[in-house]
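> Return a 3D structure for these sequence lines:
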Amino acid sequence: MIEQPLIQIRELSKVYSTPEGEVVALDRVSLDVRKGEIYGVIGMSGAGKSTLIRCINRLDVPTGGEVLYRGQDVLKMSRPDLLKLRRKVSMIFQQFNLLMQRTVGENVRYPLEIAGLPRREADKRVMELLEIVGLQDRAKAYPAQLSGGQRQRVAIARALASQPEVLLSDEATSALDPMTTQAILNLLKDINRRLGITVILITHEMAVIRQICDRVTILDGGRIAEEGTVDEVFMHTKSEAGRRLFGNAPQVPEEEPQGPAIRLVFDGSSVDRPIIATAVKELGIMINILSADMKQIGGKTYGQMLIRMPDDEETSRKLADFLTQENIAFKEVNIK
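Model prediction:
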């Protein structure tokens, strides 16, 4: 029996009215998020990412469509049911949203106070949460005394206080330096694996998607341009939005003449194999490598290469047969 997706979004639309006219933020977006995965939503500024994530817990009310959480329509929930949902679907933000006049421990305890948890039990839970995020020794510090990365850790601990099933991350690393971003991503991945919490991650940074996400949706102008597993989308990008975000084709030196070429994609199992050297040796042909690069995606190494298309059809056919036999993904492209 196939398990029902934890979150189902169906034909979701959102239109804002402005003095200049209507602005379409989301245009019939549909996607599923499975329990236990890290799901990425990426797009340029104005693509509709934040609007989408805010509709999931009804911080924003869509114009049309459905948001289902465990089969229940979020948009039809009563106020009490919506409050219960927001305890199960927690959220962290780019600007942390901490209470500056409260200590770290008091910030984390705040949702537990609202829930009516006894003080002794709440204090125990606070220390457990601070240990998860590596801040057990900063419970009495104030947010102003912390770095940006530490503040985001406090925000994550507070979001975990209600023992959520889902953690929504709205550009949570975009205000952080690269080293701190890495640490926060590692923490989110650890929380996902250790606690089984589903993570929906909004970002405009492709490196974030490549590093921790299982699947990804690319939003462009409020519509889904592409979706799939991260390695599928990276290796076989179909949309212009995807090519812009992934930097899908290796850069070709400007002095190279225009014309037909072949784009090769090497996955984790083939990236270390001497494919080009073997082709040269076995086929007795010269191969002109135009450019190449490698990337880490979900702990695996992937590579791309552009080679000049052979001049004659017979050699091109032999090369295509060889690449197919070696299970190397390739596509004919035109350098412009």
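
> CA only for contacts and neighbour counts going forward, please
Fine.

> which residue ranges form the strands in this structure?
Ranges of strands in the chain, per DSSP state E, are 7-18, 21-33, 38-42, 64-69, 72-73, 89-93, 166-170, 198-203, 215-220, 223-229, 259-266, 289-297, 300-308, 329-335.

> Same list, the ones you listed, but as CSV with distance to residue 245 and mean neighbour count please.
Shown next, in CSV, are the strands of the chain (distance: least, CA to CA, whole Å; neighbours: other CA atoms under 10 Å):
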stretch, distance to residue 245, mean neighbour count
strand 7-18, 23, 17
strand 21-33, 19, 17
strand 38-42, 8, 26
strand 64-69, 27, 20
strand 72-73, 32, 14
strand 89-93, 22, 22
strand 166-170, 18, 23
strand 198-203, 11, 25
strand 215-220, 9, 24
strand 223-229, 11, 18
strand 259-266, 17, 19
strand 289-297, 14, 16
strand 300-308, 15, 20
strand 329-335, 18, 15
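
> any chance of these in TSV, plus mean pLDDT?
Below are the strands of the chain laid out as TSV (pLDDT from 0 to 100):
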stretch	mean pLDDT
strand 7-18	94
strand 21-33	94
strand 38-42	95
strand 64-69	96
strand 72-73	94
strand 89-93	92
strand 166-170	95
strand 198-203	95
strand 215-220	94
strand 223-229	93
strand 259-266	78
strand 289-297	74
strand 300-308	76
strand 329-335	75
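
> Would you reformat those strands as a markdown table and include distance to residue 209?
Formatted as a markdown table, those follow (distance: least, CA to CA, whole Å):
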| stretch | distance to residue 209 |
| --- | --- |
| strand 7-18 | 19 |
| strand 21-33 | 15 |
| strand 38-42 | 6 |
| strand 64-69 | 23 |
| strand 72-73 | 28 |
| strand 89-93 | 17 |
| strand 166-170 | 12 |
| strand 198-203 | 8 |
| strand 215-220 | 7 |
| strand 223-229 | 10 |
| strand 259-266 | 19 |
| strand 289-297 | 8 |
| strand 300-308 | 13 |
| strand 329-335 | 22 |
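
> Select, out of the ones you listed, the one closest to residue 273.
Of all these, strand 259-266 sits nearest to residue 273, with 9.1 Å by CA to CA.

> Send over the closest one as CSV, restricted to the C-alpha atoms.
Only the C-alpha atoms of strand 259-266 are listed here, as CSV (Å, rounded to 0.1, in the frame of the first residue of the first chain):
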residue,chain,number,x,y,z
GLY,A,259,28.6,24.9,-33.0
PRO,A,260,27.4,21.5,-32.0
ALA,A,261,28.7,19.8,-28.9
ILE,A,262,27.9,16.9,-26.6
ARG,A,263,27.1,17.4,-22.9
LEU,A,264,28.0,14.4,-20.7
VAL,A,265,26.8,13.9,-17.2
PHE,A,266,28.7,11.6,-14.8
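
> That one pairs with which strands, parallel or anti?
strand 300-308 (antiparallel), strand 329-335 (antiparallel) (DSSP bridges).

> number of nearby residues for residue 286?
By other CA atoms under 10 Å, 14 other residues sit near residue 286.

> And for residue 231?
The tally of other residues near residue 231 (other CA under 10 Å) stands at 20.

> While we're on it, how confident is the model there?
On pLDDT, residue 231 comes in at 78.
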